[in-house]
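A.B. asks: return atomic coordinates for the entry below.
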Amino acid sequence: MRHLPSRLPRMLSSALLSLSLTASGQETTVEIAGSKIDVVFDAPVPDSLREMVLERIKLSAKAIVNYYRRYPVPEVQIDVSLHFGRGVSGGRASGWNGARIRLGVGKESTPADFAADWVCTHEMVHLAFPTQEDEHHWIEEGQAVYIEPIARARIGELTPEQIWGDMVRDMPQGQPAKGDKGLDYTHTWGRTYWGGAIFCLLADVQIRERTHNQKGLEDALRAVLAEGNIQSEWPLERAIAMGDQATGVPVLHELYEQMKATPVTVDLDSLWKKLGVKVENGQAAFDDNAPLAAVRKAITAR
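C.D. replies: Predicted coordinates:
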C-alpha cells in the first residue's frame with residue numbers, strides 16, 4: 001500500500017508553491033502558486049479532521065504544481081462530504097459553472113488514511129485537461145491514473161519502487177479482452193482507466209526515447225494546459241496536435257491512430273525488461289543497465 005514518509009522533503013521553490021490559509025465557518029481557502037482552492041465542508045467538522053483534510057489537499061496541490069509547473073485553474077471549489085467510515089472516497093471533478101471537485105471523507109479517518117490517499121491528487125489531474133466527449137473518456141481517466149503516482153513520487157511522497165511495482169501489478173488490467181475494440185469504442189472500467197494509463201505510459205516512454213530524454217509526456221500536457229483546462233471543451237485531436245508540437249515528435253498522433261479503433265495488446269513484459277523493472281517476492285527492483293533505464297529514472301525523478 002502506498003504510504004507517506006514521516007518527513008516530507010523541501011524540494012520545491014517557495015515562490016512557486018507559496019501557501020496561505022484563510023478560514024470562515026465551514027469554508028477554508030488555500031492559496032497556492034497564485035491559485036485559490038476553496039474547501040467547503042458540508043457539515044461542522046472537528047478541527048483535527050479539518051487539518052488532515054487540508055494537509056492532504058495542500059500536498060496534492062504541491063504535487064500537481066510541481067508536475068505541471070502551475071496549478072491547472074485559477075480557482076477551484078472542493079466540496080467535502082462527510083460520511084461514516086474512514087478514508088477519502090467518491091472523488092469527482094467537473095468544469096461546468098466553475099471548476100469543482102467533490103470528495104467524500106470518512107468521519108473516523110486517521111492520518112494513515114490520508115497518507116495512503118490517491119483520490120485527491122487523481123481528481124486534481126483532471127483539472128489540467130480539456131473536457132472530452134464520452135468516447136474519449138479514457139484519455140481523461142488514463143492520465144489521472146498514470147500521472148497521480150508519478151506527480152507524488154516527484155515530490156518524494158512515493159518511492160520509484162512503489163510506482164513501478166504498482167504499474168507491473170496493475171497495468172495488465174488495461175489490456176483488451178476478447179471482443180474489445182479500440183480505446184474509443186470499448187468503455188469498460190479496465191480499458192477506460194488502465195487502457196488509458198497504458199497509452200500514457202507508452203507515450204511518455206516513446207517521447208523520451210525519440211527526444212533522447214529531453215522531453216516527456218509532461219511537456220505535451222503543459223502545452224495543452226497553457227491553452228485550456230477542464231473548463232474548456234476541445235476535440236481530442238486538437239490536444240494531441242498541440243502536445244506533439246510541444247515535444248517535436250508525433251508520438252501522441254501515432255499512438256492514437258494505432259489504438260483508437262484497434263484493440264492493441266502491449267507486450268508489457270518486454271517493456272518492463274527494457275525499462276529495467278522486475279518484481280521479486282512482491283518487491284520492485286531495478287536493473288540500471290537496461291536499455292531504457294535512463295527513461296525510467298527520468299519519469300519519476302524528483
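
A.B. asks: tell me the domain ranges of the chain?
C.D. replies: When the chain is parsed with automatic domain parsing, its domains come out as 23-126, 140-300.

A.B. asks: and the helices in the stretch 1-150 of the chain?
C.D. replies: 47-68, 111-115, 119-126, 137-153 (DSSP state H, counting those that start in this stretch).

A.B. asks: can you tell me which of the domains of the chain is nearest to Asp134?
C.D. replies: Closest to Asp134 of those, according to CB to CB: domain 140-300, at 7.6 Å. All C-beta atoms are positioned from the backbone trio N, CA, C, and that covers glycine.

A.B. asks: quick one: end-to-end length of that closest one, please.
C.D. replies: 21 Å (CA to CA, to the nearest Å).

A.B. asks: how about the helices of the stretch 1-150 of the chain, which one is nearest Glu31?
C.D. replies: Nearest to Glu31, of the helices of the stretch 1-150 of the chain and by CB to CB, is helix 47-68 at 9.9 Å.

A.B. asks: what angle separates that closest one from helix 137-153?
C.D. replies: 100 degrees (axes from the mean of the first three to the mean of the last three CA atoms, to 10 degrees).

A.B. asks: for helix 47-68, give the mean pLDDT please.
C.D. replies: In this model, helix 47-68 has a mean pLDDT of 97.

A.B. asks: in it, what counts as buried?
C.D. replies: 49-50, 52-54, 56-68 (16 or more other CB atoms under 10 Å).

A.B. asks: and stretch 86-95, by the same measure?
C.D. replies: Gly87, Val88, Gly91, Ala93, Ser94, Gly95.

A.B. asks: who touches it?
C.D. replies: Stretch 86-95 is touched from outside by 56, 81, 83, 99-106, 108-110, 113-114, 116-117, 119-120, 122-124, 126-127, 131, 229-232, with contacts defined as CB atoms under 8 Å, 6 or more residues apart in numbering.

A.B. asks: and these, which are buried?
C.D. replies: Of the contacts of stretch 86-95, these count as buried by 16+ other CB under 10 Å: 56, 99-106, 109, 113-114, 117, 119-120, 122-124, 126-127, 131, 229-231.

A.B. asks: on that earlier part again, any idea which of the domains of the chain scores lowest on pLDDT?
C.D. replies: Among the domains of the chain, domain 23-126 scores lowest, at a mean of 94.

A.B. asks: check contacts around the closest residue to Ile139 other than its chain neighbours.
C.D. replies: Sequence neighbours aside, Gly196 is the residue nearest to Ile139 in space, at 5.7 Å (criterion: CB to CB, 6 or more residues apart in numbering). Going by CB under 8 Å, 6+ apart, Gly196 touches Trp138, Ile139, Glu140, Glu141, Gly142, Gln143, Val145, Tyr146, Gly174, Leu183.

A.B. asks: just to revisit the earlier point, got the helices of the stretch 1-150 of the chain as TSV, with distance to Pro263 columns?
C.D. replies: Formatted as TSV, those follow (distance: least, CB to CB, whole Å):
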stretch	distance to Pro263
helix 47-68	30
helix 111-115	38
helix 119-126	26
helix 137-153	13
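
A.B. asks: surely Ala241 and Pro250 touch.
C.D. replies: No. Applying CB atoms under 8 Å, one finds Ala241 not in contact with Pro250, separated by 9.1 Å.

A.B. asks: can you measure across stretch 61-74, start residue to end residue?
C.D. replies: Distance across stretch 61-74, first residue to last, is 13 Å (CA to CA).

A.B. asks: next up, identify which helix or strand the residue nearest to Ile139 is on.
C.D. replies: Assigned by DSSP states H and E, Gly196 belongs to helix 196-210.

A.B. asks: quick one: that helix to chain centroid distance?
C.D. replies: Centroid separation for helix 196-210 versus its chain: 14 Å, with CA atoms, centre = their mean, to the nearest Å.

A.B. asks: that one to helix 137-153, inter-axis angle?
C.D. replies: Using the same axes, to 10 degrees, the inter-axis angle of helix 196-210 relative to helix 137-153 is 60 degrees.
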